[in-house]
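Student: Test case, fold it:
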Amino acid sequence: ELGLPQPECLFDLDYFQDDPKPFFAFARRLLPDESTDSKFKPSLSHCFIKMLESKKKLLRNYTQNIDGIELIAGLPKSKLVQCHGSFRSATCLRCKKKYTYEQTRDSLLNGRVIHCTASTKRWTCAGLVKPDITFFGEPVRPRVNALLHKDFEKVDLLVVMGTSLSVSPVSEILQYIPAEVQQILINREPVRPKTKPSREWRGFDIELLGDCDIIISGLWNALKWKGVAQQTAIVEQKPYTKAGDRRLLFEGSNVIEKEVEEENVAITQYVCDDCGKKFRKGSKRTSCRKCWDFDLCEICVKDGGAENHTAELGAEHVVDLISPV
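Tutor: Residues are numbered from 1 along each chain as shown. Modelled structure (predicted):
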């Protein structure tokens with residue numbers, strides 16, 4: 001439909017710079033614009049996160065969503081970490097001029113390529129303007145790392161909701177949470193994160209599997225909390241089935257009551273942070289002891305990527321943790 005050689009090209013920076021039309025043609029489908037009839041509206045689960053914040057129970061909401069739907073639900077920017085960026089801002093790839101969503105909204109909704117309007121009497125930029133979402137091979141923004149390290153010291157409960165945990169580096173967060181912190185999964189199916197040889201992840205303490213909004217409705221009713229966004233009605237509470245000591249199955253679950261085999265659990269996709277290429281199954285990746293989101297392929301290690309990383313960030317950033325993919 002978009003004329004791409006492969007689907008990954010849609011979020012590939014090199015391809016975007018060569019031909020941005022497919023990306024902008026597709027981008028309008030991802031925008032939960034408040035003034036349209038977009039199907040991307042805050043769900044009961046998003047409203048629950050906002051309620052946690054209102055009750056002063058939320059330390060931070062880390063999301064892989066790039067549509068900014070949490071902001072539409074009313075979550076303050078200070079409580080939200082958009083790990084892969086969002087459409088709410090954009091940057092010229094040539095002169096680095098920043099643009100707000102209000103400045104790019106019309107073009108995004110109409111699928112038009114955006115060019116920079118910066119100019120002087122002698123110069124016009126006209127560079128390509130890219131929404132501030134993270135493409136394949138791009139590093140996460142500094143704010144993500146900074147808040148993660150800060151929040152690791154304060155967190156007392158982790159809730160993982162509506163994810164495949166299949167995208168690096170966010171898929172690695174769980175194993176860095178202090179061991180004494182309880183971890184709850186609310187999802188349609190069981191998932192697991194990456195694991196590194198430096199620490200073995202113990203698994204979720206509780207798995208609530210099924211339609212997220214149905215599960216959240218039950219939690220909301222149990223907490224006896226009042227108030228919910230007008231556009232979202234609390235659904236009728238549904239019964240659940242106990243499947244093991246840690247797992248409850250609700251309506252909408254994609255699993256049967258038997259234990260799910262290891263091979264059916266989500267497989268993580270790794271990407272080299274130097275060359276941007278995906279790791280092949282069976283290859284080796286080398287990770288930084290300090291950075292939770294930095295991995296190198298074998299070729300980039302041989303080319304000096306590990307030494308360059310240490311030289312750039314400091315002696316504590318040693319890249320020598322080797323594990324198979």
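
Student: ok, Thr120 to Cys95 distance?
Tutor: As judged by C-beta to C-beta, to the nearest Å, Thr120 and Cys95 stand 11 Å apart. All C-beta spots, glycine's among them, are computed from the backbone N, C-alpha and C.

Student: Of those two, give the one with the bigger neighbour count.
Tutor: Shown here are Thr120 and Cys95; by other C-beta atoms under 10 Å, Cys95 has more neighbours (14 against 7).

Student: leaving aside the residues next to it on the chain, what's closest to that one?
Tutor: Cys125 (4.7 Å; C-beta to C-beta, 6 or more residues apart in numbering).

Student: List the contacts of that neighbour.
Tutor: Cys125 is in contact with 92, 94-95, 97, 116-119, counting by C-beta atoms under 8 Å, 6 or more residues apart in numbering.

Student: in the stretch 101-250 of the chain, which spans are strands?
Tutor: Secondary structure of the stretch 101-250 of the chain (DSSP state E, counting those that start in this stretch): strands at 129-133, 157-161, 182-187, 206-209, 241-242, 247-249.

Student: Switch the ones you listed over to JSON lines; also include distance to Arg60 and mean neighbour count.
Tutor: Below are these laid out as JSON lines (distance: least, C-beta to C-beta, whole Å; neighbours: other C-beta atoms under 10 Å):
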{"stretch": "strand 129-133", "distance to Arg60": "19", "mean neighbour count": "22"}
{"stretch": "strand 157-161", "distance to Arg60": "10", "mean neighbour count": "17"}
{"stretch": "strand 182-187", "distance to Arg60": "15", "mean neighbour count": "20"}
{"stretch": "strand 206-209", "distance to Arg60": "20", "mean neighbour count": "22"}
{"stretch": "strand 241-242", "distance to Arg60": "31", "mean neighbour count": "12"}
{"stretch": "strand 247-249", "distance to Arg60": "26", "mean neighbour count": "19"}
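
Student: Relative to Ser43, which of the ones you listed is closest?
Tutor: Nearest of the strands of the stretch 101-250 of the chain to Ser43, taken as C-beta to C-beta: strand 157-161 at 10.6 Å.

Student: Please name the strands paired to that closest one in the sheet, noting orientation.
Tutor: Strand pairing for strand 157-161, determined by DSSP bridges: strand 182-187 (parallel).

Student: hey, C-alpha coordinates of the strand it pairs with in CSV?
Tutor: Below are the C-alpha coordinates for strand 182-187, written out as CSV (Å, rounded to 0.1, in the frame of the first residue of the first chain):
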residue,chain,number,x,y,z
GLN,A,182,6.3,-6.5,43.5
GLN,A,183,5.6,-6.7,39.8
ILE,A,184,2.1,-7.1,38.3
LEU,A,185,1.2,-7.9,34.7
ILE,A,186,-2.1,-6.8,33.2
ASN,A,187,-2.2,-8.1,29.6
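
Student: can you give me the offset of that strand from its chain's centre?
Tutor: With C-alpha atoms, centre = their mean, to the nearest Å as the basis, strand 182-187 stands 16 Å off its chain's centre.

Student: now swap in stretch 78-93 and tell me
Tutor: 11 Å.

Student: Tell me the buried residues in it?
Tutor: 80-92 (16 or more other C-beta atoms under 10 Å).

Student: which of those lies closest to Cys288?
Tutor: Cys83 (17.6 Å).

Student: what sits against the closest one?
Tutor: Cys83 sits next to 62-64, 134, 140, 144, 169-170 when contact means C-beta under 8 Å, 6+ apart.

Student: among those residues, which are in helices?
Tutor: Using DSSP state H, the members of these that fall in helices are Val144.

Student: By pLDDT, give me the weakest of the contacts of Cys83.
Tutor: Scanning the contacts of Cys83 for pLDDT, the low point is Pro169. It has 65.

Student: circling back to that earlier point, filter the contacts of Cys125 down to the buried ones.
Tutor: Applying 16+ other C-beta under 10 Å to those flags 92, 116, 118 as buried.

Student: re earlier: roughly how far apart are the residue nearest to Cys95 and Leu93?
Tutor: Distance from Cys125 to Leu93, by C-beta to C-beta: 10 Å.

Student: Lys121 too?
Tutor: 23 Å.

Student: Ala25 too?
Tutor: Distance, Ala25 to Leu93, by C-beta to C-beta: 19 Å.

Student: And Ile206, by the same measure?
Tutor: Distance, Ile206 to Leu93, using C-beta to C-beta: 44 Å.

Student: Contacts for stretch 89-102 next, please.
Tutor: With C-beta under 8 Å, 6+ apart, stretch 89-102 has contacts from 17, 68, 87-88, 103-104, 114, 116, 118, 125-132.

Student: ok, Gly305 touching Gly276?
Tutor: No. Gly305 is not in contact with Gly276 according to C-beta atoms under 8 Å; the separation is 11.8 Å.

Student: Compare those two and say which is more crowded by neighbours.
Tutor: Gly305 (20 against 16).

Student: dump the residue contacts of the more buried one.
Tutor: By C-beta under 8 Å, 6+ apart, Gly305 lies in contact with 274, 296, 319.
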